[in-house]
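**Q** sharing a model prediction with you, sequence too.
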Amino acid sequence: MTLPMGRPMREIFGETVAELANDNPRIVMLDGDVGSSTRADIFEKAHPDRYLQMGIAEQNMLGVAAGLATMGLIPFISTFVSFAVVRPLDQIRVLIAQTGLNVKITPGYAGLFTGQTGMSHIIVDDMSIMRAMPGMVTVSPADDVEAREVLRWAAAYDGPCYVRLVRDATQRLFGDDYRFAFGKAVTVREGRDVTLFSTGSQTPRVVDAADLLAADGIDAHVVHVPTIKPLDVEAIVDAAERTGRVITVEEHSVIGGLGGAVAETLSEHRPTRVNRIGLQDLYPQSGPNDALLDIYGLSAARVADQVRTILRPA
Amino acid sequence: MSEPLVAGADAGEVVRIREIARQIRIEVIKAVYHAQAGHLGGPLSAADLLAALYFHVMRIRPEEPAWPDRDRFILSKGHSSIGLYAAMALRGYFPLEELATFDAAHSRLQGHPDMTRLPGLDMSSGSLGMGISAGMGMALGARLTGRDLRTYVMLGDGECQEGEVWEAAMAAPRYALDNLIVIVDHNKLQQYGWPGDGPDGRIPPQVPGELVAKWKAFGWRVLEMDGHDVADILRVLGEAGRSDGRPVAVIAHTVKGKGVSFMEGRYYWHTRAIKPEELATALADLGEPLPASEGEPR
């Protein structure tokens, strides 16, 4: 069976921040001229006086956000992941992470689903970069339900945070009663043979992959890790101990993101063999979403194939 | 906007501010000598401006550094930190003796300003080009929260080579932020600069008139001043405080290393340790005899 489709996280972004702003007059939206793509336009319609167009000038936008935060406002950032992380990286480092100012870096277009734009717009190392930055926390929700929860958490959290959201509709993992807990991993499937850690909208595809593996007699334990930093060390170690065999799967580089974090943690706390499925130190090309998932080995079928190969080498 | 500042100041006030600027320069020389590290050219060119801002222009409460309605100040040219620290110490934000900890481990007076360590710093800085963006956020935030205050941002002229400065210059007029006042310490030298036929074989960071033309082209109200003439500084900053719907760029013509004969106009005093034999000359230039206790660096 295959998990159903949910709504695009970008719509959840515009709606949820607008809803939060109904009750919180301190919330403002800073847009780097992509509000019609990130759906910050939904916020603009609801709160035109608190929608702040910053133009195509992301370094200034992040700096303005820091200044707004000193005045007690809560800025949310609307741009694409690539232009929210690497273009203004030094502004984030010096003005936001080093100061601890309350800025919500909440870009859309995480991972491969960027509307067939190609490698200038697709960034596959954003979690590695933001996770390595002192003073920054990193959250990657699985679906529209969790994205809404994470945005509500972000508005209440006092400090800088990085929340990566997906452009297009992805599969829905959670029920409406799901509650996000910052810094906690979530077991989404119980199993005995191998532990699969995943994050972001890759997790639903890993759950589907686990169903395919079950048909082959492989009983996978699947843990969703929405918070990459701070990592839920206890849950990672427990889940590794449960099966003694760990594979990470992410729609992201295998260097420094979830795979890196899990490998670091297990090396220190419970040495375990870890295989990492994800993008292999390369720049992806443009193409339809499903084609990219297939090319880069992240569809449910391709994940299942790779897990089989890892567990039962020829 | 609030009541305009007085257009000028009486002669007594000019004398008072000028004396404070002299004390700032003396503290800068002493602290950098003690630390055998830090910057000199920039803090010395900015001393008169800092004295005017902290002792006449800005509405601040040193005893209540987080007073919500205070005017904000960002030293975007963060390498001139010791000049700002000296002004703040003299104004009463912290004891003057603490200046001796400048640049030392565990000091609140870090090499570049760290707002998480020192109350009274409105923003951290050091990576150039950023202060103006944060200042724009403060000015915009003041507007959105209904606070009647001004945000002052001091930029270096070399710093105006950073692209982010012009991103902010583009964006601020869109919000009619006439509560944002940028002061460019136009001392005509940067750390090293392009080679050419200027003093010591280097040329200024801009050609004459370039900064005024650029800020005007971006839609800012541009004022010029002699950044070492206290009466002119007070007059122009008073003028800058009047609102006309545009952010204000004040081009302050200054001399790098101002006040110390052998530092003035020499690019290589941007950052350099003072030798013991140079200390006496520097302090004498500033009208301060060398105290016995200043004979040894830390």
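**A** Nice, I can see it. Here the structure is a predicted model, which is why all the values come from computation and not from measurement.
**Q** poorly predicted segments of chain A, please.
**A** Within chain A, no range satisfies pLDDT under 70.
**Q** how about the residues of it by chain B?
**A** A:28, A:49-50, A:52-55, A:57, A:59-73, A:75, A:90-91, A:93-95, A:98-100 (C-beta under 8 Å from any C-beta of the partner chain). For every residue, glycine as well, the C-beta is placed using N, CA and C.
**Q** check these for burial and list the buried ones.
**A** With burial judged by 16 or more other C-beta atoms under 10 Å in any protein chain shown, the buried subset of the residues of chain A next to chain B is A:28, A:50, A:52-54, A:57, A:59-71, A:73, A:75, A:91, A:93-95, A:98-99.
**Q** show me where chain B has strands.
**A** Here chain B has its strands, by DSSP state E, at B:72-75, B:151-156, B:180-186, B:221-226, B:248-253.
**Q** got JSON lines for those, with mean pLDDT, mean neighbour count and distance to B:Ser45 too?
**A** JSON lines is the format used below for those (pLDDT from 0 to 100; neighbours: other C-beta atoms under 10 Å in any protein chain shown; distance: least, C-beta to C-beta, whole Å):
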{"stretch": "strand B:72-75", "mean pLDDT": "98", "mean neighbour count": "28", "distance to B:Ser45": "13"}
{"stretch": "strand B:151-156", "mean pLDDT": "98", "mean neighbour count": "29", "distance to B:Ser45": "9"}
{"stretch": "strand B:180-186", "mean pLDDT": "98", "mean neighbour count": "28", "distance to B:Ser45": "5"}
{"stretch": "strand B:221-226", "mean pLDDT": "98", "mean neighbour count": "19", "distance to B:Ser45": "12"}
{"stretch": "strand B:248-253", "mean pLDDT": "98", "mean neighbour count": "25", "distance to B:Ser45": "9"}
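**Q** any idea how far chain B is from A:Gly297?
**A** Distance, A:Gly297 to chain B, using C-beta to the nearest C-beta, to the nearest Å: 38 Å.
**Q** look up how far A:Thr99 lies from that residue.
**A** 40 Å (C-beta to C-beta, to the nearest Å).
**Q** ok so, going back, so which of the residues of chain A next to chain B belong to strands?
**A** Short answer: the residues of chain A next to chain B in strands (DSSP E) are A:Val28, A:Leu52, A:Gln53, A:Pro75.
**Q** quick check: residues of chain B near chain A?
**A** With C-beta under 8 Å from any C-beta as the criterion, chain B meets chain A at residues B:72, B:114-116, B:122-127, B:129-130, B:132-142, B:144-145, B:147, B:151, B:163-164, B:167-168, B:170-171, B:174-175.
**Q** rerun that using 7 Å as the cut-off
**A** B:115-116, B:122, B:124, B:126-127, B:130, B:133-138, B:140-142, B:144-145, B:164, B:167-168, B:170-171 (C-beta under 7 Å from any C-beta of the partner chain).
**Q** you'd agree B:Val57 is up against B:Leu237?
**A** Yes. When contacts are counted by C-beta atoms under 7 Å, B:Val57 is listed as touching B:Leu237 (4.9 Å).
**Q** parallel or antiparallel, which strands does the longest strand seen in chain A pair with?
**A** Criterion DSSP E: the longest strand present in chain A is strand A:246-253. Strand A:246-253 has the following strand partners under DSSP bridges: strand A:194-198 (parallel), strand A:274-279 (parallel).
**Q** residues in contact with the first one?
**A** What it means is strand A:194-198. The set of residues external to strand A:194-198 that reach it, using C-beta atoms under 7 Å, 6 or more residues apart in numbering or on different chains, is A:206, A:210, A:218, A:220-225, A:239-240, A:242-243, A:245-250, A:258, A:262, A:307, A:311.
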